[in-house]
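**Student:** Provided below for reference: sequence and predicted model.
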Amino acid sequence: MSGVLLPVLARRLMLLAVSVFILGPAAAQAPGWQWGLQTTNPAPTDGSTAMGYAVAADAAGRVYVGGAINESATAGPVSRTFGSAGTVGSGRNGFIAQATAAGQWAWTTAVVPGGTGSAAPHISVNSVAVTAAGDVYAAGIVVGSGVQVGSQSQALGGTGQGVFVARLNSAGVCQWVRVVELTAFLPPVVAIDPGTGGAVLAGAYQGSPSFGGTALPASNFYRSGSVYVARLSAAGQWLSATASAGAVGVISLNAAVGPAGQVAIVGSHGAGTIAFGSNALTAPTGTDESFIAAQLSPANQWQWAVGGRNAGYNNSATLSAAYTATGALWVCGRGVDGSVVGPITLNAPTTPGPTSYTGFLGQLSATGQWGPVQPLPPSSAGLSVLGWLTADAAGNAVAMGGLRGFSGTVQTTVGSQTLTAPPAGLLLYIASLSSAGQWRYVATVPQPALADGLYPAGMALDGSGALYFTGGLKGGLSLGSSSLTGSASGTNWGDVVLGKLANATALATRPTPAPPALACYPNPAHAAATLRLPAATEARSVQVLDALGRPVRTYALPAHAPTALLDLTGLAPGLYGVRCGAASGRLVVE
């Protein structure tokens, strides 16, 4: 489940309709949840798990989902039914399924592990990618003696552990399967290679794998694995393979492929040095995770790499990436207080207890130079993460994030809109950021009926601008016109879920946009408050105004400062205005 580090702690028991907030430009047609789709469990209380891990859409609006079904420790073999399209099971199998743009399952193909390996045979489809014509690539992890997809199979020898990639046509008929023996430290990511019409496979490995005739260096790191990037032709021939170097590997990994066939690797590494060609990233002793963004050229040469840094405790990760049509790279993730992401330093609460994180979304140029970066800090101790990302045809980022407080409610501000997660609950949302670094809209995801009832794991856009997410569901969930009920038992995830958000990219221009709002936290405040600021490239000042509009405090800020610490000592309790240029907000002092 690469790129997915959000804890799932949904606590509200009531169903909530979606809220969509347009930030700045007005909507030609506002984003809105259209429908939801799920699998069904013939034995809904067997405690088994079914999960969608990845989703992609083709030019005709058909949607492809990959995932896995795992049997319960006590219930024995299990299965899942995809409407009238068929049933997958029984056993610990993977699947690839197609759904129509109207929200009906069209077909499903089982992905089955063979024989017996070093552990009970099991398999999962962790990533899918689709061509414009609907040919789909599926990749994942296998433990067993081989892989079978439809009528095609490939044996796996040695340790009985590896990764696989398969190609199917738009009708779900498998054309070929390829398997590579390795210890998959992290699940693989597959993407379309625009230069060849084939595929790019990326992941992290331990061992000494060979991709066709290319053997990669041995990787035996503790708690990490070396990066590999391999290319296949549309006929399933291995064309090349490249690896990272250095004294450490990656702890987390995701990947994206650009319009010219360049490959971005994002994730994190631990203390030590990881090298992408001549580009070395070093994290000091004591680092838990330090984020990575690196690019491989279409000719398989590492071009650049950027990483995280922090003067103190370092824990940051880039969780997802997406290229624009011009070759710019959007990245998103999370970091602790003091993490440096390009031009900004993240701020997060540093109260005792669990570590708080601030989410971020930013853009790198084709040469690895930072452009706009927007942070989304939690207002109090909690977790703010942007975990899934894609880009639309205009180059805007569309991301899925989550917000959770460790105790009590927690807020974050997306443009002029403040989002609030309930006490000990998780709030999921979709947000779009323009290429100029301005938030365009935010749409919250309806809450499930059961605590921890919804676990998103993958996201994609189609050509019409609709957004799809997949994951796991137990209990009830309302998405648009659909009322879903995932099987629920024990701590397992019940059923695969697929949701559609229509008009996820369609926004028109308003002649006179409203000035951005400023957000302060905590609010109400006592001796001090932190102010979130809109992006700016020049130095500026912030004023605190009394009830008559008179300045009572002025703070000078350097260029690019995303936040300001307001010293409120000596101010009388009451309501104050806060102003920075054309942006304004309100602050209550107690």
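**Tutor:** Cool, got the structure.

**Student:** CA only for contacts and neighbour counts going forward, please
**Tutor:** Will do.

**Student:** Domain parsing of the protein, as residue ranges.
**Tutor:** For the chain, automatic domain parsing gives the domain ranges 31-344+458-502, 519-589.

**Student:** List the residues that contact residue 402.
**Tutor:** Contacts here follow Cα atoms under 8 Å, 6 or more residues apart in numbering; on that basis residue 402 touches 6, 383, 384, 385, 386, 387, 426, 427, 428, 429.

**Student:** quick one: which helix or strand includes residue 542?
**Tutor:** Per DSSP states H and E, residue 542 falls inside strand 540-545.

**Student:** how big is the angle separating the helix or strand following that strand from strand 540-545?
**Tutor:** Downstream of strand 540-545, the first helix or strand assigned by DSSP H and E is strand 551-557. Here strand 551-557 runs at an angle of 160 degrees relative to strand 540-545 (axes from the mean of the first three to the mean of the last three Cα atoms, to 10 degrees).

**Student:** buried set for strand 551-557?
**Tutor:** Using 16 or more other Cα atoms under 10 Å as the test for burial, strand 551-557 gives 551, 554, 557.

**Student:** Can you tell me who the last one pairs with across the strands?
**Tutor:** So that's residue 557. Note on residue 557: beta-bridge partners by DSSP bridges are residue 540.

**Student:** how close does it get to residue 531?
**Tutor:** 12 Å (Cα to Cα, to the nearest Å).

**Student:** Find residues that contact each of these two.
**Tutor:** With Cα under 8 Å, 6+ apart, residue 557 and residue 531 have common neighbours residue 564.

**Student:** looking at it, residue 285 is touching residue 271, isn't it?
**Tutor:** Yes - with contact defined as Cα atoms under 8 Å, residue 285 reaches residue 271; the gap is 5.2 Å.

**Student:** which of these two has more neighbours?
**Tutor:** Set side by side, residue 285 and residue 271 show more neighbours around residue 271, with 18 against 11, by other Cα atoms under 10 Å.

**Student:** what sits against the more buried one?
**Tutor:** Going by Cα under 8 Å, 6+ apart, residue 271 touches 248, 282, 283, 284, 285, 286, 287, 288, 289, 290.

**Student:** Same check on residue 326?
**Tutor:** When contacts are counted by Cα under 8 Å, 6+ apart, residue 326 is found next to residue 259.

**Student:** What ranges does the stretch 51-200 of the chain have for its strands?
**Tutor:** Along the stretch 51-200 of the chain, the stretches classed as strands by DSSP state E, counting those that start in this stretch are 63-70, 79-81, 87-89, 94-99, 105-114, 122-130, 136-143, 146-149, 152-155, 161-168, 174-181, 183-192, 199-206.

**Student:** Would you single out the least confident of those strands?
**Tutor:** Lowest mean pLDDT of these: strand 87-89, a mean of 85.

**Student:** Who are the packing partners of that one?
**Tutor:** For strand 87-89, the elements it packs on are strand 79-81, strand 105-114, judged by 3 or more Cα pairs under 8 Å, 6 or more residues apart in numbering; DSSP states H and E.

**Student:** taking those together, which one is wrapped up most tightly?
**Tutor:** Highest mean neighbour count among those (mean count of other Cα atoms under 10 Å): strand 105-114, with a mean of 24.

**Student:** how far is that one from where the chain is centred?
**Tutor:** Offset of strand 105-114 from its chain centre (Cα atoms, centre = their mean, to the nearest Å): 25 Å.

**Student:** helices or strands up against it?
**Tutor:** Applying 3+ Cα pairs under 8 Å, 6+ apart, we find strand 105-114 packed against strand 87-89, strand 94-99, strand 122-130, strand 146-149.

**Student:** what lines up beside it in the sheet?
**Tutor:** Counting by DSSP bridges, the strands paired with strand 105-114 are strand 94-99 (antiparallel), strand 146-149 (antiparallel).

**Student:** quick one, strands of the stretch 301-450 of the chain?
**Tutor:** Counting by DSSP E, counting those that start in this stretch, the strands of the stretch 301-450 of the chain are 302-307, 316-323, 329-335, 340-341, 344-345, 358-364, 370-376, 382-391, 397-405, 410-414, 417-421, 426-433, 439-444.

**Student:** for the domains of the chain, which one ends up most surrounded?
**Tutor:** Comparing these by mean neighbour count (mean count of other Cα under 10 Å), domain 31-344+458-502 ranks first with a mean of 22.

**Student:** Endpoints of that domain, how far apart?
**Tutor:** First-to-last residue span, domain 31-344+458-502, Cα to Cα: 6 Å.

**Student:** What of stretch 469-483?
**Tutor:** One end of stretch 469-483 to the other measures 16 Å (Cα to Cα).

**Student:** what about that stretch, average pLDDT?
**Tutor:** Mean predicted confidence for stretch 469-483 is 90.

**Student:** begin at 709 from here
**Tutor:** Shifting the count to begin at 709 puts that one at stretch 1177-1191.

**Student:** now that stretch, how far from the centre of its chain.
**Tutor:** 19 Å.

**Student:** show me the residues around the residue most central in space within the chain that make contact.
**Tutor:** By Cα atoms, centre = their mean, the mean C-alpha position of the chain lies nearest to residue 1096, the distance being 1.9 Å. By Cα under 8 Å, 6+ apart, residue 1096 lies in contact with 711, 712, 1027, 1028, 1029, 1040, 1107, 1108, 1109, 1166, 1167.

**Student:** same thing but at 7 Å, please
**Tutor:** The contact partners of residue 1096, taken as Cα atoms under 7 Å, 6 or more residues apart in numbering, are 1028, 1107, 1108, 1166, 1167.

**Student:** doesn't residue 761 make contact with the fourth one?
**Tutor:** Yes - at 5.7 Å, residue 1166 counts as touching residue 761 under the criterion of Cα atoms under 7 Å.

**Student:** joint contacts of the two?
**Tutor:** Counting by Cα under 7 Å, 6+ apart, the residues touching both residue 1166 and residue 761 are 1178, 1179.

**Student:** hmm, back to that, now render the contacts of residue 979 as CSV, adding distance to residue 821 and secondary structure.
**Tutor:** Output for these, formatted as CSV (distance: Cα to Cα, whole Å; DSSP: H, G, I helix; E, B strand; the rest coil):
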residue, distance to residue 821, secondary structure
956, 31, coil
990, 39, strand
991, 39, strand
992, 41, coil
993, 41, coil
994, 40, coil
995, 38, coil
996, 35, coil
997, 33, strand
998, 35, strand
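
**Student:** Just grab the bridge partners of the nearest residue to residue 1294 once chain neighbours are set aside for me.
**Tutor:** Nearest residue to residue 1294, sequence neighbours excluded (Cα to Cα, 6 or more residues apart in numbering): residue 1285, at 4.6 Å. Beta-bridge pairing for residue 1285 (DSSP bridges): residue 1253, residue 1294.

**Student:** likewise residue 946?
**Tutor:** residue 940.

**Student:** was I right about it contacting residue 940?
**Tutor:** Yes - Residue 946 lies in contact with residue 940 (Cα under 7 Å); the separation is 4.5 Å.
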